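**Q** Everything below, folded, please.
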Amino acid sequence: MAKRQSTFEDLIGIAAKLPWWIGVLLALLSFVGMHALAGMEIAAPIGFQSLGNTYIQSAAKTFGMFAQYLLPVAFLIGAAISAFLQPKRRSLPARPTDSFDKYLQRDDNVRSKGPGADPRPDKSQDNIYPVWKSVSSDAKPGRKVDATRWSAELLADLEWKRFEEVCAGLFERLGFVTKSTVCGADGGIDIHIYRPPSDQPVAIVQCKAWTMKVGVKVIRELRGVMTSEGVAEGIFITTSIYSDDAIAFAKANQIDLMDGDKMLQAILKLTEEQQASLLRLATAGDYTTPTCASCGVKMIPRKPKLGGKGFWGCVNYPRCKMKLYVTGV
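**A** A predicted model of the protein is given here:
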C-alpha cells in the first residue's frame with residue numbers, strides 16, 4: 001500500500017504545479033495571514049459561556065504560530081521546484097490537433113536503420129521461457145488462435161508483458177525510440193517515447209492487456225504521472241474498451257486512448273516487413289502465459305489448497321507471493 005503524503009508534502013506538490021511566482025506570492029500571503037493569527041490577543045473568558053470562544057481562539061493562535069513558518073516554506077519549496085521544471089515544460093511539444101494519429105504516421109527520417117528496418121533483433125527462434133512453454137496450452141484447452149497473422153484474437157491472447165513489448169515495438173517501427181520499464185513497480189509508466197535526437201520523452205504510455213472495461217480511475221492516475229514527470233502527452237493502450245467517463249476525462253487532459261481495434265489498425269498500416277517482424281516479436285516462445293510482475297519469469301497455474309478459484313502463481317513461491325487471477329485457469 002502506498003504511503004499517504006503529509007499535508008506539507010501536498011502543499012509542495014500543489015505549488016510545484018503552479019507558475020513559480022504564484023508559489024512565492026502564496027508564501028508571502030500565508031506568512032502575513034498566519035503571523036497576524038499568531039499575534040492576535042486572546043480575550044479573557046467572562047463566565048462559563050465564553051470558555052468555548054477562548055479555547056477556539058487559543059487553538060487558532062497556536063496553529064498560526066506554527067503555520068506562519070511551515071506554510072511559506074512549503075510554498076517556497078514548491079516554487080523552487082516549479083522554477084526548475086519550467087524550462088523542461090517550455091521545451092515540450094505543443095499538443096497537436098490530430099491527437100493520437102500523429103504517432104501512427106511513419107517517419108523514416110528518424111530511423112537509424114533506414115525505411116522499413118526492424119529496430120529490434122529477430123527473436124523468432126528464441127524461446128525465452130522453454131520450461132513453461134507448455135503451461136499456456138495446458139491451462140487453456142481447446143483454445144486455438146491463428147498466430148501466423150495479426151488479428152484482434154491474437155492481440156487479446158498476448159500476456160500482459162508481451163503486450164507491452166508489442167506496444168513498444170509498434171512505436172519503434174513508426175520511427176520512435178522507446179524505453180520500457182523493467183519488471184517491478186513501474187510508477188504508472190510502462191513506456192517512454194522519444195523522438196530523436198531529443199532526450200526528452202514526447203509521451204509516456206500505460207499498457208493494460210485487459211478484458212474488462214477500462215474505467216476513469218486508471219486514466220486519472222496516468223494524468224498524475226504526466227504532471228510529476230513534466231510530460232505533456234499521455235497514451236493509454238488496452239486490448240479492451242473504455243468507459244464514457246474515461247473517454248471524457250482523457251479528452252480534457254491531453255491523454256490519447258487506444259483500444260484493441262485501434263491498435264490492430266495501427267499494426268496493419270505498417271509495411272508487410274514491419275508487420276512480420278512485429279509478429280515474430282509477439283509470438284516468440286510462450287506468449288500467452290503471464291509473466292510475474294515482480295520476478296520477470298513465467299508463472300504457473302495453481303489451485304488453492306482448500307479449494308476455490310485457480311490463479312497464476314510465481315514459480316519462485318514462497319519467496320515471491322505474486323498472484324494473477326485469469327479466467328480459464
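
**Q** what about the strands in the stretch 201-329 of the chain?
**A** Along the stretch 201-329 of the chain, the stretches classed as strands by DSSP state E, counting those that start in this stretch are 201-208, 234-238, 255-258, 299-302, 311-314, 323-324.

**Q** Just say which of these is most tucked in.
**A** Across the strands of the stretch 201-329 of the chain, averaging neighbours per residue (mean count of other CB atoms under 10 Å) puts strand 234-238 on top, at a mean of 25. For glycine as for every other residue, the C-beta is placed from the backbone atoms N, C-alpha and C.

**Q** now the angle between strand 201-208 and that one, please.
**A** Counting by axes from the mean of the first three to the mean of the last three CA atoms, to 10 degrees, strand 234-238 points 30 degrees away from the direction of strand 201-208.

**Q** Packing partners of strand 234-238?
**A** strand 201-208, helix 216-229, strand 255-258 (3 or more CB pairs under 8 Å, 6 or more residues apart in numbering; DSSP states H and E).

**Q** got any ranges where the stretch 101-250 of the chain has weak pLDDT?
**A** 101-143, 182-188 (pLDDT under 70).

**Q** Kindly recompute the last result at 90.
**A** Applying pLDDT under 90 to the stretch 101-250 of the chain picks out residues 101-145, 160, 180-190, 195-200, 209-213, 228-230, 232.

**Q** And stretch 257-277, end to end?
**A** 25 Å (CA to CA, to the nearest Å).

**Q** hmm, back to that, take the helices and strands packed on strand 234-238 and write them to CSV, including distance to Tyr242.
**A** As requested, these are exported to CSV (distance: least, CB to CB, whole Å):
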stretch, distance to Tyr242
strand 201-208, 10
helix 216-229, 8
strand 255-258, 5
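
**Q** Looking at those, which is nearest to Thr7?
**A** Nearest to Thr7 among these is helix 216-229 (17.7 Å), distances taken as CB to CB.

**Q** you'd agree Val32 is in a strand?
**A** No: read with DSSP: H, G, I helix; E, B strand; the rest coil, Val32 is helix and lies in no strand.

**Q** what separates it from Ser58, distance-wise?
**A** Separation of Val32 from Ser58 (CB to CB, to the nearest Å): 21 Å.

**Q** just Arg223 next, same as before
**A** The value you get for Arg223 to Ser58, if CB to CB is used, is 42 Å.

**Q** the more surrounded of these two?
**A** Arg223 (17 against 11; other CB atoms under 10 Å).

**Q** Now do the contacts for the more buried one.
**A** By CB atoms under 8 Å, 6 or more residues apart in numbering, the contact set of Arg223 is Gly234, Phe249, Asn253, Ile255.

**Q** Show me which of those is closest to Met299.
**A** Gly234 (28.9 Å).

**Q** what is the closest one paired to in the beta sheet?
**A** Beta-bridge pairing of Gly234 under DSSP bridges involves Ile204, Ile255.

**Q** I'd assumed Ala203 was in contact with it.
**A** Yes: using CB atoms under 8 Å, Gly234 is in contact with Ala203, at 6.5 Å.

**Q** Switch the strands of the stretch 201-329 of the chain over to CSV; also include distance to Ile12.
**A** Putting the strands of the stretch 201-329 of the chain into CSV (distance: least, CB to CB, whole Å) gives the following:
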stretch, distance to Ile12
strand 201-208, 22
strand 234-238, 23
strand 255-258, 25
strand 299-302, 40
strand 311-314, 37
strand 323-324, 36
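
**Q** so which of those comes closest to Val214?
**A** strand 234-238 (5.2 Å).

**Q** got a list of contacts for that closest one?
**A** Residues contacting strand 234-238 (CB under 8 Å, 6+ apart): 100, 103, 167, 193, 203-210, 214, 218-219, 222-223, 225-226, 250, 253-260, 263.

**Q** let's see it at 6 Å
**A** 167, 203-208, 210, 214, 222, 226, 255-259 (CB atoms under 6 Å, 6 or more residues apart in numbering).

**Q** Which one of those is nearest to Ala276?
**A** Nearest member of the contacts of strand 234-238 to Ala276, counting by CB to CB, is Cys167, at 17.6 Å.

**Q** So the closest one, which state does it fall into?
**A** On the basis of three-state DSSP, Cys167 is classed as helix.
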